[in-house]
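A.B. asks: Output the structure for:
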Amino acid sequence: MNMKLTHSSTFAVAFLALAVISARADGIPAPRDVPYPAPVRLEVVATDLDHRIFQVNETIPVAGAGPLVLLYPKWLPGNHSTTGPVDLLAGLTITAGKGGPRVEWRRDPVEMHAFHVDVPVGTSALELSFQYITPNVEQQGRRVMTPDSLGLQWEKTLLYPAGHYARQITFEPSVKLPAGWQCASALDGAQRTGDTVRFAPVSLEMLVDSPLYAGRYYKRFDLDTNPKAPVQLHVFADRPAELEAKPEQIDAHKKMVREALALFDSHHYRHYDFLLAISENRTRIGLEHHQSSENTVGLGYFADWDGTAAGRDLLAHEMVHSWNGKFRRPADLWTPSYEVPMQSSLLWVYEGMTEFWGLVLATRSGLWTPEFARDALAHYAAVFDSARPGRAWRNLQDTTNQPMIAYQTPQSYPSWQRSVDYYNEGALLWLDADMKLRELTRGRRSLDDFARRFFGDADGQLGPVTYTYDDIVRTLGDVAASDWDAFVRQRTEGHGPGAPLGGLEKSGWRLTFKDKPSAFTANLEKAGKQTGFSYSLGLSVSNKDGKITDVRWNSPAFKAGVAPGMTLLAVNGRAWTADVLKEAIVAARSAQGTVDLLLRQDDSFRTVQIDYHDGLRYPHLERIEAREDRLSALLRPRT
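C.D. replies: Numbers count the residues shown, from 1 in each chain. Next up is the predicted model:
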């Protein structure tokens, strides 16, 4: 619409906008730290596996007649973003009591997650009925329900009354499961009648932090039998054979828990429940919660132990969040309820340090070998030193805004645009900090000491206890005096050139490239069903159909005109396969010719010639013999 405004009409539009904002501010009460007068009853029916729909029935007591605002959770913990899928809520019907007259609702004109209701006189409770329609295909979003298992995030299946902190609203949750299915959750007081499971009353805050997994094939493993703080691994799978774990595999998970407790010298959960789904039909996820974590992986977690190793730091990463992110939480990420905006300036701590400790704990426990961990660090280092030219314009600190800019949205050129790089580049920052502490103290102190000081107090308490940037810098200084503010700012606000690899060199290792992929790289390519040439031609290709899945900005392939989404049909006149392309790259090393790719883009075909002669290149680490091997000291078990 093209509309020319006069001075008076411009004023009228501005006045109307202010009126709308004022109406919203007045119409949606701000959260207060006062109790909601009575518990909300929530009943979720999770039996419609054919249509993959959760049916929700909710009873919300009300104090009397008048306006009431009901909110669908919008800003979700762990996502750090406005990811509450209100678009998947359907069929909302409200009545004044059971069998009472229908009560009309009105969606807020500005805040789409808010529903305005006028409660009729004489009404003591509103009865809500609606459906949460989960995605059937990947393009619609995260698939959470299959014929064999499901994941229930309670916040997707409820509305809550505005005007109260989440910790001040009590819910009485229950779920009806498909016949004979088992379930697991960190919620307390489970009582089963038939296929309906009821849980003890719980605050909305803890309910949102306590998802449920269920399925027809299930096995439980006890990882820590301490009665004061037990830890269990609950495994659900598409196939019974995927549940079979060897004793040494479970022993490594047990040791991971022991290593975490030794690292932090505390626990901040009453019990901890790993929820693990092994499925090719559910979308993969790793999401932290205070006393549990949601983890969905592809087939072979136990059955193909070596072939799926790259993802085996997942559970360690998510458990670390019980300390870093849940017990101790960045002050600007904590909000009293789920309509209040979050900020994420410290995600290089929240996620970056957690990524660092996930790698370390996976190695200390035996889930990874030290060689595999070094391969992972080589991958992180190469990505940010060679394959992230976007660091030249976008620093690490700005990537912490990515969840709010575009949550998990695919990018055309991630090497230039950058996404959630605060994970792995953040891990390199904390490796650097660990090595600096060891260097300053001649090996007497390390980031382990920071972890105990920062996360180890108030043993047994849940929190959350918030922290700021100044708290981080001050605690680093308490471990070993140095200008930590300058150290951190250089790495979070700088632009290079190159990645912050000082920690690697201080550790006694350096990044190098070889013509064979490491075990970690091979694992990643297998999991992604693609072959990577990021450090040679600068592209990656799907093994299934030859689609170009990624092109590194300003790489030889980029300069030749290759773009993501094209389909590779032939290499130097031969039908495309990964081996054919590798052979062409090797041949070009000793020849003057180009690597010629026949590509299809939409309905056009063309050949591009890539002038590249440096052979195959894959990241590895090599020892610096003149330096002490501090990396091995970092990765050495503590228990």
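A.B. asks: any weak-confidence spans in the stretch 151-300 of the chain?
C.D. replies: Scanning the stretch 151-300 of the chain for pLDDT under 70 picks out no residues.
A.B. asks: in the stretch 401-550 of the chain, which ranges drop under the pLDDT threshold?
C.D. replies: Counting by pLDDT under 70, the stretch 401-550 of the chain contains no low-confidence range.
A.B. asks: Arg75 against Ser344, yeah?
C.D. replies: Arg isn't right for residue 75; it's Trp. No. Checked against CB atoms under 8 Å, the pair Trp75 and Ser344 is beyond contact range at 10.6 Å. Where you see a C-beta, it was placed from the backbone N, CA and C, and this is true even at glycine.
A.B. asks: burial count for the nearest residue to Gly66 once chain neighbours are set aside?
C.D. replies: Distances taken as CB to CB, 6 or more residues apart in numbering put Val119 closest to Gly66, at 5.9 Å, once the chain neighbours are dropped. Close neighbours of Val119, defined as other CB atoms under 10 Å, add up to 20.
A.B. asks: any idea how far Val119 is from Ile169?
C.D. replies: For Val119, the distance to Ile169 equals 17 Å [CB to CB, to the nearest Å].
A.B. asks: for Thr83, what are its contacts?
C.D. replies: Going by CB atoms under 8 Å, 6 or more residues apart in numbering, Thr83 touches Leu76, Tyr407.
A.B. asks: can you tell me how far it sits from Thr157?
C.D. replies: The span separating Thr83 from Thr157 equals 15 Å under the rule CB to CB.
A.B. asks: what does Leu70 give?
C.D. replies: Note on Leu70: its distance to Thr157, by CB to CB, is 13 Å.
A.B. asks: In terms of neighbours, single out the busier of those two.
C.D. replies: Thr157 (25 against 21).
A.B. asks: my guess is the more buried one meets Phe54, correct?
C.D. replies: Yes. Counting by CB under 8 Å, Thr157 does reach Phe54; the two are 5.3 Å apart.
A.B. asks: and for those two, which residues touch both?
C.D. replies: Common neighbours of Thr157 and Phe54, using CB under 8 Å, 6+ apart, are Val44, Tyr132.
A.B. asks: In contact with the residue lying closest to Ala575 once chain neighbours are set aside, which residues?
C.D. replies: Leaving aside its sequence neighbours, Ala575 sits nearest to Leu569 (CB to CB, 6+ apart; 7.4 Å). For Leu569, the contact set (CB under 8 Å, 6+ apart) comprises Gly546, Ala575, Trp576, Leu598, Leu599, Arg600, Phe605.
A.B. asks: what comes up buried for the helix or strand containing the last one?
C.D. replies: Just to be clear, that refers to Phe605. Taking DSSP states H and E as the definition, Phe605 sits inside strand 604-610. For strand 604-610, the neighbour count (16 or more other CB atoms under 10 Å) marks Val608, Ile610 as buried.
A.B. asks: same deal with stretch 35-48?
C.D. replies: Result for stretch 35-48 [16+ other CB under 10 Å]: buried residues Tyr36, Val40, Arg41, Leu42, Glu43, Val44, Val45, Ala46, Thr47.
A.B. asks: If you average the pLDDT over it, what comes out?
C.D. replies: Per-residue pLDDT values over stretch 35-48 give a mean of 98.
A.B. asks: what does it contact?
C.D. replies: In contact with stretch 35-48 (CB under 8 Å, 6+ apart) are residues 54-61, 63, 145, 150, 152, 154, 157-158, 160-161, 164, 168-178, 195, 201, 204, 214.
A.B. asks: Now do the domain split for this structure, please.
C.D. replies: The record's domain split for the chain, according to automatic domain parsing, is 31-216, 331-511+626-635, 519-618.
A.B. asks: Now the terminal residues of the second one, how far apart.
C.D. replies: Criterion CA to CA, to the nearest Å; first-to-last residue distance in domain 331-511+626-635 is 31 Å.
A.B. asks: Pull the CA coordinates from stretch 33-45 and hand them back as CSV.
C.D. replies: Extracted in CSV, the C-alpha atoms of stretch 33-45 (Å, rounded to 0.1, in the frame of the first residue of the first chain):
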residue,chain,number,x,y,z
ASP,A,33,5.8,-11.1,43.2
VAL,A,34,2.5,-12.1,44.8
PRO,A,35,0.7,-15.5,44.8
TYR,A,36,-2.1,-16.3,42.4
PRO,A,37,-5.0,-17.2,44.7
ALA,A,38,-5.6,-20.8,43.7
PRO,A,39,-3.9,-23.6,41.7
VAL,A,40,-4.4,-24.0,38.0
ARG,A,41,-5.4,-27.5,36.8
LEU,A,42,-3.7,-28.6,33.6
GLU,A,43,-4.7,-31.8,31.8
VAL,A,44,-2.8,-32.8,28.6
VAL,A,45,-4.1,-35.7,26.5
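A.B. asks: quick one: terminal-to-terminal distance for stretch 462-481?
C.D. replies: 30 Å.
A.B. asks: Kindly provide the distance from His495 to Gly390.
C.D. replies: According to CB to CB, His495 stands 10 Å off from Gly390.
A.B. asks: the more surrounded of the two?
C.D. replies: The neighbour comparison of His495 against Gly390 (other CB under 10 Å) goes to Gly390, with 20 against 12.
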